[in-house]
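K.L.:
Give the three-dimensional model of this entry:
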Amino acid sequence: MIRSLIFNILYYPLTAFLCFAYLPFLLLPREWLLVMVEFYVKLIHLLEKYVLKLDFEVRGIEHLPKDEAYIVAAKHFSSYETLKLHILFKDPAIVMKKELFSIPIWGWYAKKMRLIGIDRSNRDTAVKSVTAGAQMAADMKRPIVIFPQGTRVAIDHTTKDKPYKSGIMRMQQAAGLKIVPMALNTGLFWPRNALTKKSGKVIFEFMPPLESGLSTHEGLAIIQNAIESKTAELIAETSPRG
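P.N.:
This is a model prediction of the structure:
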């Protein structure tokens, strides 16, 4: 509790301060803002490591394709993993709800960083935004990160509570990219919407990529099974009850 309190006292004001301090970078080339975002996430990682005593480990890095764009299908428990995406990947194109682009200041940065906003107002516009975003990132040779369940989940949620959505397969079909499943155990240490965090070691694990050409149903089933089974293993490995 004390560590969490100290971390929150440092984390939230620092984030708010840098949101305003970075405003001039909106007028500069995107690459400059990318450097500053990477600085921010590394700074927050230092706070996590030395205040919360919360660090992370990466496994399966050999499964990431080299010198080409690809799609990462990730489990999503909390903001912890989103704060690591610019450490795990170089210039990731993160998929998110288009409504988030309307948030003052934060949304301006999202647009400048050329993240992928999905318009979910109806099926046709959603499909168009998915395919356009995938092609944009593929042309730039950037890794795409998508959370197939579409939202943060609690550690006890099942796929019936939060099912995997087909958008990731439409994205692959549009750009012909490999999909790399990524499991993680962040929900044990940084639950969604929780002010209290725990010490420990987060594990990010990449699994072998799926080539394009699979049907939507078949590909989604493989991704879901890979992520859910490996996530369960990581939670069992690192849980105090395990």
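K.L.:
which residues does the residue nearest the centre of the chain contact?
P.N.:
For the chain, Thr82 is the residue whose C-alpha lies nearest the centre (CA atoms, centre = their mean; 4.4 Å). Going by CB atoms under 8 Å, 6 or more residues apart in numbering, Thr82 touches His76, Ile94. Placement of C-beta: from N, CA and C, glycine included.
K.L.:
distance of it from Ile203?
P.N.:
16 Å (CB to CB, to the nearest Å).
K.L.:
if I've got this straight, Ala183 is in a strand?
P.N.:
Yes - using DSSP: H, G, I helix; E, B strand; the rest coil, the assignment for Ala183 is a strand.
K.L.:
who touches it in this structure?
P.N.:
Lys75, Phe204, Glu205, Met207, Ala226, Ile227, Lys230, Thr231, Glu233, Leu234.
K.L.:
would you turn the residues you listed into TSV with pLDDT?
P.N.:
As requested, these are exported to TSV (pLDDT from 0 to 100):
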residue	pLDDT
Lys75	96
Phe204	98
Glu205	98
Met207	97
Ala226	97
Ile227	97
Lys230	97
Thr231	97
Glu233	96
Leu234	96
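K.L.:
just those now: which is nearest Asp91?
P.N.:
Nearest to Asp91 among these is Phe204, at 17.8 Å by CB to CB.
K.L.:
what kind of secondary structure is that closest one in?
P.N.:
strand.
K.L.:
Quick one: find the helix or strand in this structure with the lowest mean pLDDT.
P.N.:
Least confident helix or strand of the chain, by mean pLDDT, DSSP states H and E, is helix 123-139 with a mean of 83.
K.L.:
ok, and what's touching that one?
P.N.:
Among residues not part of helix 123-139, those counted as contacts by CB under 8 Å, 6+ apart are 69, 71, 93, 95, 98, 114, 116-120, 143-144, 167, 170-172, 174-177.
K.L.:
residue ranges for the strands of the protein, please.
P.N.:
In the chain, the segments counted as strands under DSSP state E are 54-59, 71-74, 93-97, 116-118, 144-146, 179-184, 200-206.
K.L.:
could you dump the helix ranked longest in the chain to PDB, C-alpha only?
P.N.:
Using DSSP state H to define each element, the chain has its longest helix at helix 216-238. Extracted in PDB, the C-alpha atoms of helix 216-238 (Å, rounded to 0.1, in the frame of the first residue of the first chain):
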ATOM      1  CA  THR A 216     -11.400 -15.900 -39.900                       C
ATOM      2  CA  HIS A 217     -12.900 -18.600 -37.700                       C
ATOM      3  CA  GLU A 218      -9.900 -20.800 -37.800                       C
ATOM      4  CA  GLY A 219      -7.300 -18.100 -37.300                       C
ATOM      5  CA  LEU A 220      -9.300 -16.500 -34.400                       C
ATOM      6  CA  ALA A 221      -9.600 -19.800 -32.700                       C
ATOM      7  CA  ILE A 222      -5.900 -20.400 -32.900                       C
ATOM      8  CA  ILE A 223      -5.100 -17.000 -31.500                       C
ATOM      9  CA  GLN A 224      -7.500 -17.300 -28.700                       C
ATOM     10  CA  ASN A 225      -6.300 -20.700 -27.600                       C
ATOM     11  CA  ALA A 226      -2.700 -19.700 -27.800                       C
ATOM     12  CA  ILE A 227      -3.100 -16.500 -25.700                       C
ATOM     13  CA  GLU A 228      -5.500 -17.900 -23.200                       C
ATOM     14  CA  SER A 229      -3.600 -21.100 -22.500                       C
ATOM     15  CA  LYS A 230      -0.200 -19.400 -22.200                       C
ATOM     16  CA  THR A 231      -1.700 -16.500 -20.100                       C
ATOM     17  CA  ALA A 232      -3.100 -19.100 -17.700                       C
ATOM     18  CA  GLU A 233       0.300 -20.700 -17.500                       C
ATOM     19  CA  LEU A 234       2.000 -17.400 -16.700                       C
ATOM     20  CA  ILE A 235      -0.500 -16.500 -14.000                       C
ATOM     21  CA  ALA A 236      -0.100 -20.000 -12.400                       C
ATOM     22  CA  GLU A 237       3.700 -19.600 -12.500                       C
ATOM     23  CA  THR A 238       3.800 -16.200 -10.900                       C
END
